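**Student:** quick one, what's the 3D model for this:
(chains A and B)
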Amino acid sequence: MMKVITGFLIVLTACAVTAAAQGKPDFSGTWKLSGTTPPNYPGSAGWGVPSPTLVVKQTSTEVTIQAGQYGPNPMSVVYKLDGSDNIWEAPSVTQSGSTATVKWRTKARWDGNKLILFTWNTALNQMRDVMTMSNGALSIQRGTEQPGPSTNATLTYNR
Amino acid sequence: MRRRSLSPVTFFIVITGLFVVSPTASLQQRNGSISVKGGVGDITGEYEIPDANWPQWAHPYPKPGFIWGSQGGVFAESPDRVYLANRGELKLPDKIPNGFPGNWGFFNQMAATQPIANMVNCLVVVDRNGKLIEAWNQWDKLFEWGRGPHQVYISPYDPERHVWVVDDMRHVIYRFTHDGKQLVQTLGMLDEFGENDDLTRFRRPTMIDWLPDGTFFVADGYGNTRVVKFDKTGKPLLKWGSRGTGPGQFNTPHGVAVGGSPPRVFVSDRGNRRIQVFDTDGKFLEEWPGIAPHSMLMSADEHVWAVDSLTDRIVKFDLTGHVEFSFGQFGTRPGYTWAPHQITADSDGNLYLSEVFGGRTQKYRPKPNADPTKLVWGRALMPVGNARTN
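**Tutor:** Numbering: from 1, shown residues only, chains lettered A, B, ... in the order given. Predicted coordinates:
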């Protein structure tokens, strides 16, 4: 009897997790930038610059974004959806314009139907993207931090 | 002896130069009097030229091949207990130039947090000779994903002398026990910034100051452009300010000082090049234009000392905004400064300035027979264990 109850609970939990995952928006696809608020938002000194194209791949455990928003060279960046850190090293352009091996860190979490992505690197760059989907359009509320003033913008993408 | 007279053109150049080149002169002109106080070109005021080898611990270098980077903060609890906030160590060039004095500013590369700073020895305590007495390396990891400690303080009114450290890039303020062994409080949420109306999260906070009852004010800062008022337990009470140029608006409120009777809150609105004055509930009272302080200090004699990011001048204001004295000049030689970021003074009258671009902290000893009104006097700290009854 105990085994039956345990099995039932496992199935119930699995169903709940699947349902929850299915309730979240799927941002996968290739997205084209259609506008920013403020207009022509430039990012911050080469960081967080709106990428003309975003390629998003989403699974139940992670989101991968290939874009040009992480510096002068496009990168493919993985965000784990369980809230844990993803840390790696890569040659990157620093604030002083030189290239150095930089440590990167990302994490992500859901807030209802919003997906919040955090990106840091040891070249003193930070970015927070809050992604939402509405009527087939992708909206990203972006905040950037560098040694100077913070920046805010809303980016709109369409497929 | 024949007195030489100036030609009209020379006279014009000299007079123009006084007001264009000298921040002291321009500050004094703004306040309606051209006095001789301070003196044009007065580099160290009533202080001797600092010893380039202070602190001893930092010389020759933290470890072979590395050097101190940006010095965010310094706080003198006493002449023999001085806290230094170091925003990481930088790799020295493979070939060190002749005559290298030992500080990053020599390389003329501005922000001393680049290209990559190693977050080690971020919080240390030195004695009067600059000898290391404590290194709080157990907390270095707190600063790994930011740019290190922004500033460091002890509330004058705290009998337990907790040590407060602001980390702007990670959006938090830490409160440690006096010995650094315990982190007893974190204000804000690590790595997550909030918006202007969010009282629980900062966005790049910069500085703190206190009222005698423990109420404190946080300049917040690069991102949220506001001031947040907390009660003595750290409960947020209210906020004021938004991004802009009008009265009560800010562009990088980077410093805050509290004092006067009734108490007022003096905010360095650095990006708007002014100091704004408020009551303790955020009501705008007045502004003092023409200065963009990195940091400020309310002195024991109830004056605001401001370290100007535009001129590297150290300026003494009375509480109505009149300039009483100033000194200092940009440079990397001993006594000059490059972006003095925190100002503090001990009970012996020694002044300390940490430099974020110069990459050093200098200790200025008073000259013999120095005019005490031209020295910075920090507020006395409450004796340890002397709990207030009010």
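
**Student:** pLDDT weak spots in chain A?
**Tutor:** A:1-22, A:95-96 (pLDDT under 70).

**Student:** for the residue nearest the centre of it, helix, strand, or coil?
**Tutor:** Per CA atoms, centre = their mean, the C-alpha nearest to the average position across chain A is that of A:L117, at 3.7 Å. Counting by DSSP: H, G, I helix; E, B strand; the rest coil, the backbone at A:L117 sits in strand.

**Student:** OK, contacts around the nearest residue to it once chain neighbours are set aside?
**Tutor:** Closest residue to A:L117 apart from its sequence neighbours, by CB to CB, 6 or more residues apart in numbering or on different chains: A:D129 at 4.5 Å. No exception for glycine: its C-beta is placed from N, CA and C like everyone else's. Taking CB atoms under 8 Å, 6 or more residues apart in numbering or on different chains as the criterion, A:D129 is in contact with A:116-117, A:119, A:140-142.

**Student:** hmm, 7 Å instead?
**Tutor:** Residues counted as contacts of A:D129 (CB atoms under 7 Å, 6 or more residues apart in numbering or on different chains) are A:117, A:140, A:142.

**Student:** residues touching the last one, list them.
**Tutor:** A:R142 sits next to A:48, A:127, A:129, A:153, A:155 when contact means CB under 7 Å, 6+ apart.

**Student:** and residue 139, backbone torsions?
**Tutor:** As the question left the chain open, I've gone with chain A. phi -110, psi 130 (degrees, to the nearest 10).

**Student:** oops, chain B please
**Tutor:** According to degrees, to the nearest 10, B:W139 has phi -110, psi 0.

**Student:** how close does it get to B:G45?
**Tutor:** 35 Å (CB to CB, to the nearest Å).

**Student:** now swap in B:T280 and tell me
**Tutor:** 31 Å.

**Student:** stretch A:63-81 and chain B, are they touching?
**Tutor:** No: against chain B, stretch A:63-81 shows no contacts by CB under 7 Å from any CB of the partner chain, the least distance being 13.2 Å.

**Student:** and that stretch, what's buried?
**Tutor:** A:63, A:65-67, A:69-71, A:77, A:79, A:81 (16 or more other CB atoms under 10 Å in any protein chain shown).

**Student:** which of those residues fall in strands?
**Tutor:** The members of these that map onto strands under DSSP state E are A:63, A:65-67, A:77, A:79.

**Student:** what's the neighbour count on the closest residue to chain A within the stretch 251-390 of chain B?
**Tutor:** Per CB to the nearest CB, B:T252 is where the stretch 251-390 of chain B lies closest to chain A, at 6.1 Å. Neighbours of B:T252 under the rule other CB atoms under 10 Å in any protein chain shown: 24.

**Student:** what's near enough to touch it?
**Tutor:** A:149, B:222, B:225, B:270-271.

**Student:** which other helices and strands does the longest strand seen in chain A contact?
**Tutor:** Taking DSSP E as the criterion, chain A has its longest strand at strand A:99-111. Where contact means 3 or more CB pairs under 7 Å, 6 or more residues apart in numbering or on different chains; DSSP states H and E, strand A:99-111 is packed against strand A:75-80, strand A:86-93, strand A:114-121.

**Student:** want to try CSV for those, with distance to B:T200 as columns?
**Tutor:** Output for these, formatted as CSV (distance: least, CB to CB, whole Å):
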stretch, distance to B:T200
strand A:75-80, 24
strand A:86-93, 26
strand A:114-121, 16
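
**Student:** quick one, which of those strands is nearest to B:Q109?
**Tutor:** Nearest of the helices and strands packed on strand A:99-111 to B:Q109, taken as CB to CB: strand A:86-93 at 15.6 Å.

**Student:** and that closest one with strand A:62-67, angle?
**Tutor:** 10 degrees (axes from the mean of the first three to the mean of the last three CA atoms, to 10 degrees).

**Student:** B:K141 in helix, strand or coil?
**Tutor:** What three-state DSSP gives for B:K141 is helix.

**Student:** how much space between it and B:R170?
**Tutor:** 11 Å.

**Student:** more crowded one of those two?
**Tutor:** Neighbours were counted for B:K141 and for B:R170 using other CB under 10 Å; B:R170 has more, 29 against 11.

**Student:** circling back: who has more neighbours out of B:T280 and B:G45?
**Tutor:** B:G45 (24 against 16).

**Student:** shouldn't that one be in contact with B:K374?
**Tutor:** Yes: counting by CB atoms under 7 Å, B:K374 is a contact partner of B:G45 at 5.8 Å.

**Student:** which residues of chain B lie near chain A?
**Tutor:** B:109, B:111, B:113-116, B:145, B:147, B:169, B:191, B:193, B:203-204, B:222-223, B:252.

**Student:** tell me the contacts of the residue nearest the centre of chain B?
**Tutor:** Nearest to the mean C-alpha position of chain B, by CA atoms, centre = their mean, lies B:Q342 at 1.8 Å. Contact partners of B:Q342, counting by CB under 7 Å, 6+ apart, are B:72-74, B:151, B:295, B:354.

**Student:** repeat for B:G102
**Tutor:** Contacts of B:G102 (CB under 7 Å, 6+ apart): B:59-60.

**Student:** what mean pLDDT does stretch B:160-179 get?
**Tutor:** The pLDDT scores in stretch B:160-179 average 98.

**Student:** what of stretch B:237-254?
**Tutor:** In the prediction, stretch B:237-254 has an average pLDDT of 98.

**Student:** please state the offset of it from the chain centre?
**Tutor:** 19 Å (CA atoms, centre = their mean, to the nearest Å).

**Student:** from what I see, B:W57 and B:K131 are in contact.
**Tutor:** Yes: between B:W57 and B:K131 there is a contact under CB under 7 Å: 6.2 Å.
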